[in-house]
Each structure stands twice: as C-alpha cells, then as structure tokens.
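Engineer: sequence and computational prediction follow.
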Amino acid sequence: MAESWDVVVNGDCLEVMAGLEPESVDLIFADPPYWMRTSGELQRVEGTVFDGVDDAWDQFNELEDYERFTREWLSACRRVLKPNGSIWVIGGMQCIHTIGAIMQELGFWIVNDVVWRKSNPTPNFHGTRLTNSHETLIWATKSKDSKYTFNYKTARELNTDTVSPADYEAGVRKQMGSIWTFPVCAGTERLRDASGKKLHSTQKPLALLLRVVAISSHYGDLVLDPFGGTMTTGVAAKILGRRYLMIEQDPAYCDAGVARLAMTAPEDGPVARATYDERPPRAPMASMIAEGFFTTGEPFYLRDGREIATLLADGKLSFEGEAFDMHMLAAKVRGVKATRLNGFDVWRVKRNGELVPITRIRDEYRASLAALVD
Ligand SMILES: C[S@@+](CC[C@H](N)C(=O)[O-])C[C@H]1O[C@@H](n2cnc3c(N)ncnc32)[C@H](O)[C@@H]1O
C-alpha cells in the first residue's frame with residue numbers, strides 16, 4: 001500500500017493492515033465490536049424504545065468466533081506497531097476480559113487499564129442489575145522493555161478528574177489517575193442521519209480520544225485506528241497534529257467520517273506539542289560562571305539570610321575549608337535525612353543588596369540561551 005497518510009480507507013481492517021509496512025505505526029487506538037449480545041427490544045421505563053447496539057457488525061455466533069477475530073486483528077496490530085509504540089483498546093464488560101487475556105497471550109505488556117466513568121450513563125431500565133456506568137481502556141506496549149511515549153506533564157495539565165475547577169484555575173495540577181470522567185457522546189458532537197437518528201451506535205466522545213492521543217504520542221506521529229466508525233480517532237489526531245490512518249468497513253461511516261475530518265482544523269499549541277514535557281536546556285554552574293551569571297568567590301546564603309558558603313570556580317561550594325557539591329551541602333546544612341536536596345531551591349545570592357533564589361538566576365541564564373536560538 002502506498003504510504004500517504006491522513007487517510008480513511010474503506011475496507012476490512014485485516015486486509016488493509018496486511019498491506020502496511022511492519023513496525024510503521026506509533027499509536028493504535030482500537031474500538032472493536034463489543035459483541036454486546038443484546039436481544040429483543042430495549043424499552044425505557046416510560047415505554048419508548050432505546051436505540052442500543054444491535055448492528056450487524058457486532059454479531060458473532062459464539063465465544064470462539066469472537067476470540068478468533070480478536071486474535072487476528074490484535075496480531076495484525078502487533079505486526080504494524082513500532083517496538084516503542086502504544087496500543088489502546090477500549091471495551092465494555094462484554095468483551096474487555098477476553099481482549100485483555102488475548103493481548104497478554106500475544107505478548108503485549110499492559111501499562112495501565114483506564115476506567116472511563118460515564119457521567120451520564122444509560123440506566124438499567126429494568127432495575128435487574130447495577131447501572132453499567134463505565135468502559136475500560138487497556139493501554140499496552142509490545143513488550144515490557146518498550147520505551148513508549150508518555151507525556152507525563154501534559155497529562156498533569158489535562159487532569160481535571162482530581163482537581164476542582166477552582167483549584168485548577170488557581171494553578172493546582174496533580175498527576176493524572178486511571179479513572180477518567182467524561183459524558184457519553186451527545187448533543188452537537190453526535191453525528192446524525194437525515195432523519196435525526198444516531199448515525200453510529202457507538203460514537204466515542206472526542207474528549208476521550210484527545211486525551212489518549214495527547215498523552216501517548218508525539219506531534220507528527222502516525223495514529224492507526226482499525227475500527228474507524230465515525231473517525232473520532234482521526235479527528236483527535238488531526239486536531240493534535242498527528243497523522244492518521246483510519247480503517248472502516250462500512251462505506252456510509254467512511255463518508256460521514258471523511259466529511260467530519262474535512263471540517264476539523266488542527267489546534268496547534270502546548271498540548272499538541274507537549275511542550276510541558278520539554279526538558280529545559282542544561283545549565284551547569286561552571287557555564288553560568290563563565291557567562292557572568294555567578295561570580296567565583298561570591299557568598300551563598302540560606303533563605304533566612306545566613307551566609308554559609310562561597311562559590312568555587314568549578315561550581316562547587318566551599319564550606320568550612322572543604323569543597324561540597326551544592327545539593328549535598330544543602331542537605332547537610334538543613335540537617336535532613338536525605339543526602340541531597342535540590343540546591344536551586346535552597347541557595348540564595350545577593351543582587352543589588354537583595355537575596356535572590358539561585359533558581360531565578362538559572363532561569364535568566366536559560367532565557368539568554370533561548371534568545372540566542374531565536
Ligand atoms: C465500536 S465501532 C467504532 C466507533 C468509533 N470509535 C467512533 O468513535 O465512531 C466499531 C466499528 O468497526 C467497524 N468494523 C467492524 N469490523 C470491522 C473490520 N473487520 N474491518 C473494518 N471495520 C470493522 C464497524 O463497522 C464499526 O463502525
């Protein structure tokens with residue numbers, strides 16, 4: 001298959017993936033048939049009919065058929081996934097245990113399972129069991145040793161699950177957890193046919209896909225979805241500046257998805273580029289001294305104004321006649337159990353008579369480096 005990306009391919013995913021180069025894909029998101037096994041008409045309590053999942057593409061005769069199908073498409077995904085790529089698979093209680101077992105049988109390494117908690121789940125109309133209010137996403141790599149992408153700080157930035165809106169506004173950020181809360185796809189986001197009926201019974205919320213793509217791939221990476229549906233994955237990839245290859249067997253879904261993608265504009269910015277995760281340039285003390293940001297022999301102080309040490313030419317600190325690494329000396333003079341503390345948080349120098357944290361001087365040095373690049 002000619003490899004020009006940002007495409008929707010109408011076809012069977014096994015056939016299409018067989019034509020792809022091995023180890024050519026950075027990220028796979030798969031939302032396969034769940035084999036829901038619904039039977040009969042589902043009625044709401046007030047008597048109206050619920051439009052559930054009874055599509056032809058979701059039918060299998062028995063567990064062995066579903067297992068065979070799952071093994072085939074997961075094996076195909078494994079072949080095309082890069083050694084350091086990631087695969088995410090979403091499923092409900094009907095299928096996720098089968099899928100997870102087969103993923104492990106094929107050698108995938110599970111990084112996380114994420115619960116998508118639905119803030120507006122469909123109730124259990126008959127009151128015969130708990131409301132099924134979540135789905136599970138399995139995030140896996142090809143092996144335990146895969147050096148997969150995880151934009152950790154971008155994930156912190158996107159975490160609104162465990163930070164209140166007021167705290168978030170005030171700048172509070174927390175590590176992203178494995179329970180994500182989003183509403184099911186509804187309103188204007190939901191694609192509808194000419195009669196106003198849902199175009200697809202299992203269209204996923206875009207917010208869910210934006211999160212997956214943002215945290216586990218890089219700008220420009222290739223994202224594959226073997227079960228494209230309404231092309232939600234492609235839309236997330238396009239918004240975040242990734243390339244996409246979407247496969248879907250139903251031509252009507254392909255047409256609707258292509259139109260949806262055409263109306264989607266990229267949104268370049270720190271989330272798309274994961275700039276939160278960029279490492280700042282190195283700033284060795286010796287270089288900062290050489291560039292005049294610090295002076296050999298100048299005193300180093302603690303926050304309370306006590307003068308403790310003096311700076312040596314190699315960036316170490318002289319204390320009671322001995323040379324110390326500044327992080328180790330920070331721990332020593334603070335009297336903590338740890339052998340090292342971050343010296344940039346501890347030490348102060350004087351500038352224009354005022355005590356200034358040395359981390360601020362380092363920021364100024366880095367800003368000067370950035371200005372040189374610009
Ligand atoms: C659960 S839906 C995916 C929905 C999609 N994530 C979205 O947000 O719209 C599964 C899709 O896979 C498609 N499908 C099922 N078997 C397939 C196959 N062998 N090859 C390609 N597409 C397939 C179905 O037509 C259906 O649209």
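Structural biologist: Ah, there it is.

Engineer: show me what contacts the closest residue to the ligand within the stretch 151-300 of the chain?
Structural biologist: Across the stretch 151-300 of the chain, the shortest distance to the ligand (C-beta to the nearest ligand atom) belongs to residue 229, at 2.6 Å. Glycine gets a C-beta too; all of them are placed from N, C-alpha and C. Neighbour list for residue 229: 31, 200, 202-204, 248, 253, 257 [criterion: C-beta atoms under 8 Å, 6 or more residues apart in numbering].

Engineer: now do residue 329
Structural biologist: So residue 329 contacts 308-309, 317, 319, 343 (C-beta under 8 Å, 6+ apart).

Engineer: after the helix or strand where it lies, heading C-terminal, what element do we hit next?
Structural biologist: Using DSSP states H and E, residue 329 maps to helix 326-334. Downstream of helix 326-334, the next assigned helix or strand under DSSP H and E is helix 343-346.

Engineer: which stretches of this protein form strands?
Structural biologist: In the chain, the segments counted as strands under DSSP state E are 7-10, 25-30, 81-91, 109-118, 134-141, 179-182, 222-225, 243-248, 299-301, 307-311, 317-319, 322-324, 348-351, 354-357.

Engineer: in a markdown table, list those along with mean neighbour count and mean pLDDT.
Structural biologist: Supplementary listing: those in a markdown table, determined by neighbours: other C-beta atoms under 10 Å; pLDDT from 0 to 100:
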| stretch | mean neighbour count | mean pLDDT |
| --- | --- | --- |
| strand 7-10 | 18 | 98 |
| strand 25-30 | 24 | 98 |
| strand 81-91 | 22 | 98 |
| strand 109-118 | 16 | 98 |
| strand 134-141 | 21 | 98 |
| strand 179-182 | 16 | 97 |
| strand 222-225 | 26 | 98 |
| strand 243-248 | 25 | 98 |
| strand 299-301 | 18 | 98 |
| strand 307-311 | 18 | 97 |
| strand 317-319 | 19 | 97 |
| strand 322-324 | 14 | 97 |
| strand 348-351 | 16 | 97 |
| strand 354-357 | 13 | 96 |
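
Engineer: between those strands, which one is closest to residue 61.
Structural biologist: strand 81-91 (19.0 Å; C-beta to C-beta).

Engineer: end-to-end on stretch 154-165?
Structural biologist: Terminal residues of stretch 154-165 are spaced 17 Å apart (C-alpha to C-alpha, to the nearest Å).

Engineer: kindly report the same for stretch 11-25.
Structural biologist: Length of stretch 11-25, first residue to last, C-alpha to C-alpha: 18 Å.

Engineer: for stretch 149-164, same thing?
Structural biologist: End-to-end distance of stretch 149-164 (C-alpha to C-alpha): 27 Å.

Engineer: domain assignment for the protein?
Structural biologist: 7-277, 285-373 (automatic domain parsing).

Engineer: what does the stretch 1-150 of the chain put close to the ligand?
Structural biologist: 12-13, 31, 33, 57 (C-beta under 6 Å from any ligand atom).

Engineer: from these, pick the one nearest residue 5.
Structural biologist: residue 13 (16.4 Å).

Engineer: which residue is the nearest non-sequential neighbour of that closest one?
Structural biologist: Among residues not flanking residue 13 along the chain, residue 226 sits closest, at 3.6 Å (C-beta to C-beta, 6 or more residues apart in numbering).

Engineer: pLDDT score for that neighbour?
Structural biologist: Note for residue 226: predicted pLDDT of 98.

Engineer: for it, what are its contacts?
Structural biologist: Residue 226 touches 13, 16-17, 28, 30, 32, 73, 76-77, 247, counting by C-beta under 8 Å, 6+ apart.

Engineer: by neighbour count, which of the residues you listed wins?
Structural biologist: When neighbours are counted by other C-beta atoms under 10 Å, residue 28 leads those with 26 neighbours.

Engineer: distance-wise, check that one relative to the ligand.
Structural biologist: Counting by C-beta to the nearest ligand atom, to the nearest Å, the gap from residue 28 to the ligand is 12 Å.

Engineer: including distance to the ligand, could the contacts of residue 329 go into TSV?
Structural biologist: Shown next, in TSV, are those (distance: C-beta to the nearest ligand atom, whole Å):
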residue	distance to the ligand
308	60
309	60
317	57
319	61
343	49
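
Engineer: in the residues you listed, find the pair that's most separated.
Structural biologist: 319 and 343 (12.2 Å).

Engineer: most tightly surrounded among the domains of the chain?
Structural biologist: domain 7-277 (a mean of 17; mean count of other C-beta atoms under 10 Å).

Engineer: start and end of that one, how far apart?
Structural biologist: Domain 7-277 has an end-to-end distance of 29 Å (C-alpha to C-alpha).

Engineer: got a pLDDT number for the residue nearest the centre of the chain?
Structural biologist: The centroid of the chain falls nearest to residue 215 when counting by C-alpha atoms, centre = their mean (1.9 Å). Listed pLDDT for residue 215 reads 98.

Engineer: that one and residue 156 touch, don't they?
Structural biologist: No: applying C-beta atoms under 8 Å as the test, residue 215 and residue 156 come out as separate, 9.7 Å apart.

Engineer: which two in the contacts of residue 226 are spaced the farthest apart?
Structural biologist: It's 16 and 32 that sit farthest apart of the contacts of residue 226, by C-beta to C-beta, at 14.5 Å.

Engineer: report pLDDT for residue 44.
Structural biologist: Looking at residue 44, its pLDDT reads 58.

Engineer: kindly report the same for the one 10 residues further on.
Structural biologist: Per-residue confidence (pLDDT) for residue 54: 76.

Engineer: what's the most distant pair in the residues of the stretch 1-150 of the chain next to the ligand?
Structural biologist: It's 12 and 31 that sit farthest apart of these, by C-beta to C-beta, at 16.0 Å.
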